[in-house]
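> Need coordinates for the below:
(4 chains)
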There are 2 protein chains.
Amino acid sequence: MDKIQFLSRLPLFRGLPDEELRTLAEIAGVKTYRRGETIFLDGGEGHGFYVVFTGKVKIYKLSPEGRELVLHIMGPEDSFAEVPVFEGRHYPANAEAVEDTRVLFFPREALLQTIRRDPSLAMNMLAALSARLREFAQRMEDLSLKDVPSRLSAYFLHLSEQEQGSDELDLDIKKGLLASLIGAKQESLSRILAKMSERRIIEVKGKKIRILDRQKLKKIAAGDRTLFN
Amino acid sequence: MDKIQFLSRLPLFRGLPDEELRTLAEIAGVKTYRRGETIFLDGGEGHGFYVVFTGKVKIYKLSPEGRELVLHIMGPEDSFAEVPVFEGRHYPANAEAVEDTRVLFFPREALLQTIRRDPSLAMNMLAALSARLREFAQRMEDLSLKDVPSRLSAYFLHLSEQEQGSDELDLDIKKGLLASLIGAKQESLSRILAKMSERRIIEVKGKKIRILDRQKLKKIAAGDRTLFN
DNA sequence: TTGCTTTTTTGATCTGGGTCAAAGATTTTA
DNA sequence: TAAAATCTTTGACCCAGATCAAAAAAGCAA
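As a prediction, the model looks like this:
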């Protein structure tokens, strides 16, 4: 397994001298989790951070009554649980493998030492956290100011962008998980998908979505509700 | 005005050598804004970050239709707009003075250079961004999984903690702003305050709140709705 | 294949909190 | 101090989306 090569591709480690990279690669442990397994729990003590190697991890919050909000779905090359490395020492959310997953684990101290030695890692990390803050601010806005169809449409457009503007989207996750990711209930999502299909805005085949009318999708994302009345 | 002394008290600059601190103090510009004045707009180009000296600044998002979500109310010693320094170069939200306000402004380049020279500033900054991420994750959970009375109660308990557990709270901001901070409409907030007063959970006198029944407040914060039925 | 589990859809109903409108209170300004 | 502007409360009504229940579809194991 070529850990070093993998690490060198990560934006987080860009610009790091090979030697530092080698040290990090040595220190990083591989952990494997099966589908459904918990990686850590909200409030648990965090001793380092993770990078997904293969598989998929959901980062989520649970309310006392057991309702769930998914903050992120992390895939290969994504890192998570940086926060407790730098502040507070306990995890700010739960993490669970939604597929069989392998992750790299970097112990806090190793990372902190590298950061102290090499400002470029600090800068990369600051950029990464900043990007996430930006994303959260947007998510919060969406959650409190936009309705569910709008959030769903925005999500589709986002997926499409990630696939170079393709009209063929692969959700790649269960619908229930998608619902929780956009802050809705499974039943609501199902109804909205049905309505959007009926209106020929999208076509749904299992986990495959085809965008039929990008203009209308954009309108809905921007808050237009006329299509639903 | 003793900029250096002020700066040396900030958690962000803790551990910085006096010389670096002096350099930063020299570079930092003071800007003043009147109540209601815009400091920057979402999407505008960001050339540095700010620390509140006196006054109060609201950081907020606006939906296309003009609905507002307040992300933060920043007071003296709080810093804001770090994100565009490290990533993306444009502001992720709007900022407006809600009182007559003086802020210190640190140009991006000065900050980046100090960070490159001194890892302790990088570490402080990473800790600050991490703390904010943690806060955002909590806010997102509250926004999507909790109801308005619960968010309001949590806010009161939070204020109380900041005042060493006192039962006498000073909102210090307009009710409309508070509403927008907890993701509600002014009218809803008003009704909930009325109901909580009627139930003798709190007492409201203008911007002063007195907690009468902390137990019930905690119950509501935890999601209990029996008090409202 | 068959049966069992999990996921998704559909139907019926309920409700928290938003909207619109107007009155009342407080603050600001002249 | 008056009057103008802004902020807050209250009332009537409405609706997006949650909940509860059950059927249908899709995955999966034996």
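> what helix or strand does A:Arg210 sit in?
Element membership of A:Arg210, judged by DSSP states H and E, is strand A:208-211.
> Mind checking what helix or strand follows that strand in sequence?
Toward the C-terminal end, the helix or strand that comes next after strand A:208-211 (DSSP H and E) is helix A:214-221.
> Now that following helix - C-alpha only, PDB.
Once side chains and other backbone atoms are set aside, the C-alpha atoms of helix A:214-221 remain, and they are given as PDB (Å, rounded to 0.1, in the frame of the first residue of the first chain):
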ATOM      1  CA  ARG A 214     -31.900  22.700 -15.200                       C
ATOM      2  CA  GLN A 215     -33.500  26.100 -15.400                       C
ATOM      3  CA  LYS A 216     -36.400  25.100 -13.200                       C
ATOM      4  CA  LEU A 217     -34.100  23.400 -10.800                       C
ATOM      5  CA  LYS A 218     -32.100  26.600 -10.500                       C
ATOM      6  CA  LYS A 219     -35.300  28.500  -9.900                       C
ATOM      7  CA  ILE A 220     -36.400  26.200  -7.100                       C
ATOM      8  CA  ALA A 221     -32.900  26.300  -5.600                       C
END
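> and the closest residue in space to A:Ala131 that isn't next to it in sequence, backbone torsions?
By the measure of CB to CB, 6 or more residues apart in numbering or on different chains, the closest residue to A:Ala131 outside its immediate chain neighbours is B:Glu87, 5.0 Å from it. Where you see a C-beta, it was placed from the backbone N, CA and C, and this is true even at glycine. Torsion angles at B:Glu87 (phi, psi; degrees, to the nearest 10) stand at phi -160, psi 130.
> hang on, the earlier thing: contacting residues around the strand holding A:Arg210?
Contacting residues not belonging to strand A:208-211 are listed as A:156, A:159-160, A:167-171, A:201-203, A:217 [CB atoms under 8 Å, 6 or more residues apart in numbering or on different chains].
> again, but for stretch A:178-188
A:60, A:68-70, A:73, A:142-143, A:148, A:151-152, A:155, A:171, A:173, A:175-176, A:189, A:192, B:144.
> rerun that using 7 Å as the cut-off
A:68-70, A:73, A:143, A:148, A:151-152, A:155, A:171, A:175-176, A:189, B:144 (CB atoms under 7 Å, 6 or more residues apart in numbering or on different chains).
> which among those end up buried?
By the neighbour-count criterion of 16 or more other CB atoms under 10 Å in any protein chain shown, those include these buried positions: A:68-70, A:73, A:143, A:148, A:151-152, A:155, A:171, A:189, B:144.
> how about the contacts of strand A:208-211, which pair is most distant?
Greatest spatial distance among the contacts of strand A:208-211 (CB to CB): A:Asp170 and A:Ile201, at 18.0 Å.
> hang on, the earlier thing: which one of the buried ones among the contacts of stretch A:178-188 is nearest DNA strand D?
Ranking the buried ones among the contacts of stretch A:178-188 by separation from DNA strand D, with CB to the nearest atom of the strand as the measure, puts A:Val148 on top at 3.8 Å.
> The residue nearest to that closest one when sequence neighbours are not counted: what secondary structure?
The spatially closest residue to A:Val148, leaving aside those adjacent along the chain, is A:Ala184, at 4.6 Å (CB to CB, 6+ apart). Under the three-state scheme (DSSP: H, G, I helix; E, B strand; the rest coil), the conformation of A:Ala184 reads as coil.
> any idea how far DNA strand C is from A:Ala184?
Computed as CB to the nearest atom of the strand, to the nearest Å, the A:Ala184 to DNA strand C distance reads 11 Å.
> Same check on A:Ala97?
For A:Ala97, the distance to DNA strand C - CB to the nearest atom of the strand - is 13 Å.
> Enumerate every residue touching that residue.
Taking CB under 7 Å, 6+ apart as the definition of contact, the neighbours of A:Ala97 are A:33-37, A:39, A:55, A:57.
> What are the phi and psi values at it?
Backbone torsions of A:Ala97, given as degrees, to the nearest 10, read phi -70, psi 130.
> For the nearest residue to it once chain neighbours are set aside, list each beta-bridge partner.
Counting by CB to CB, 6+ apart, the nearest residue to A:Ala97 once its immediate chain neighbours are dropped is A:Tyr33, at 3.9 Å. Under DSSP bridges, the beta-bridge partners of A:Tyr33 are A:Thr101.
> Quick check: next helix or strand after the host helix or strand of A:Ala128?
Using DSSP H and E, the element containing A:Ala128 is helix A:119-145. Counting by DSSP H and E, the element after helix A:119-145 in chain order, helix or strand, is helix A:148-162.
> can you list contacts of the next helix or strand after that next one?
In the C-terminal direction, the helix or strand that comes right after helix A:148-162 (DSSP H and E) is strand A:168-170. With CB under 7 Å, 6+ apart as the test, strand A:168-170 has contacts from A:156, A:159-160, A:163, A:207-210.
> Let me have these in a markdown table, adding neighbour count, distance to B:Leu133 and pLDDT as columns.
Formatted as a markdown table, the entries for the contacts of strand A:168-170 read as follows, by neighbours: other CB atoms under 10 Å in any protein chain shown; distance: CB to CB, whole Å; pLDDT from 0 to 100:
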| residue | neighbour count | distance to B:Leu133 | pLDDT |
| --- | --- | --- | --- |
| A:Phe156 | 22 | 26 | 97 |
| A:Leu159 | 16 | 24 | 95 |
| A:Ser160 | 18 | 27 | 96 |
| A:Glu163 | 11 | 28 | 91 |
| A:Lys207 | 13 | 30 | 94 |
| A:Lys208 | 12 | 33 | 94 |
| A:Ile209 | 21 | 30 | 96 |
| A:Arg210 | 13 | 35 | 96 |
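> So what does the one residue in chain A that gets nearest to DNA strand D have for phi and psi?
Among all residues of chain A, A:Asp147 sits closest to DNA strand D, at 2.9 Å; criterion: CB to the nearest atom of the strand. Taking degrees, to the nearest 10, you get phi -90, psi 180 for the backbone angles of A:Asp147.
> Name the residues of chain A found near DNA strand C, please.
For chain A, the contact set with DNA strand C under CB under 7 Å from any atom of the strand comprises A:174-176, A:186-187, A:189-191, A:193-194, A:204, A:207.
> May I see those arranged in JSON lines, with secondary structure as well?
Compiled in JSON lines, the residues of chain A next to DNA strand C are given as follows (three-state DSSP):
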{"residue": "A:Lys174", "secondary structure": "coil"}
{"residue": "A:Lys175", "secondary structure": "helix"}
{"residue": "A:Gly176", "secondary structure": "helix"}
{"residue": "A:Gln186", "secondary structure": "helix"}
{"residue": "A:Glu187", "secondary structure": "helix"}
{"residue": "A:Leu189", "secondary structure": "helix"}
{"residue": "A:Ser190", "secondary structure": "helix"}
{"residue": "A:Arg191", "secondary structure": "helix"}
{"residue": "A:Leu193", "secondary structure": "helix"}
{"residue": "A:Ala194", "secondary structure": "helix"}
{"residue": "A:Val204", "secondary structure": "strand"}
{"residue": "A:Lys207", "secondary structure": "coil"}
